[in-house]
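J.: how would this look folded up:
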Amino acid sequence: MDKTEQMRQIKEEVLNLKKSPLYAERVKNKVFPVIGAGSHNARIMFVGEAPGKNEAKTGQPFCGASGRVLDELLESISLKREDIYITNIVKDRPTQNRDPSPEEIEIYGPFLDRQIEIIQPQIIATLGRYSAEYIMKKFDLDFYIEPIGKMHGKVFEATASYGSVKIVPLFHPAVALYNSHTRADLKKDFAILKG
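T.: As a prediction, the model looks like this:
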């Protein structure tokens, strides 16, 4: 089965994920799950936490204000969205944009795990503390988990089923909207992804 077909299968499963506490909310609000977007052969995979309001409306990841910050950051390292793959751990929007719950992360995490296996990125850049923690644990890097303010911009070597992978925790682009001094940190951290 080719990569596109495998991703389509994930989308179908998420669309019918009635065991998720977010499923009924999605149906009631007539919104979409956000599976991911970009190249299925990407060298760099970005992993956020969960979709926001704009993302749920469109089914596209990072399409609101934080998406514009992300585009600016990608441009700063000469990358376009079509060069990367971007997704979230949780594929449905948590109510009122709250943080994803441990139960939601547990339900949706296996879909992300499969996406990583399909894309086989050389670099996984996490956006925010929940995705950083999830990915660090997945790759047996629990010992190195710290608050995102201390961990951001560090590179961790790990081994995936397909070979070596670098894990790079980053601030979520949304922080630049509320705290302008973090934009410089984000730009500096993104520069690491060029190498």
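
J.: all contacts plus neighbour counts: C-alpha atoms, from now on.
T.: Noted.

J.: Go through the longest helix seen in the chain and flag the buried ones.
T.: For the chain, the longest helix by residue count, based on DSSP state H, is helix 102-119. By neighbour count on 16 or more other C-alpha atoms under 10 Å, the buried set for helix 102-119 is 104-105, 107-109, 111-112, 115-116, 118-119.

J.: Now do the helices in the protein.
T.: 3-15, 23-29, 53-58, 65-76, 102-119, 129-138, 148-151, 175-178, 182-191.

J.: Can I get those helices in CSV including mean pLDDT?
T.: Shown next, in CSV, are the helices of the chain (pLDDT from 0 to 100):
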stretch, mean pLDDT
helix 3-15, 97
helix 23-29, 93
helix 53-58, 93
helix 65-76, 93
helix 102-119, 97
helix 129-138, 96
helix 148-151, 93
helix 175-178, 86
helix 182-191, 91
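
J.: so which of these is the most packed in?
T.: The highest mean neighbour count among these, using mean count of other C-alpha atoms under 10 Å, belongs to helix 129-138: a mean of 21.

J.: Can you check what angle separates that helix from helix 102-119?
T.: When axes from the mean of the first three to the mean of the last three C-alpha atoms, to 10 degrees is applied, the directions of helix 129-138 and helix 102-119 differ by 60 degrees.

J.: so what does helix 129-138 touch, helix or strand wise?
T.: Counting contacts by 3 or more C-alpha pairs under 8 Å, 6 or more residues apart in numbering; DSSP states H and E, helix 129-138 is packed against strand 163-170.
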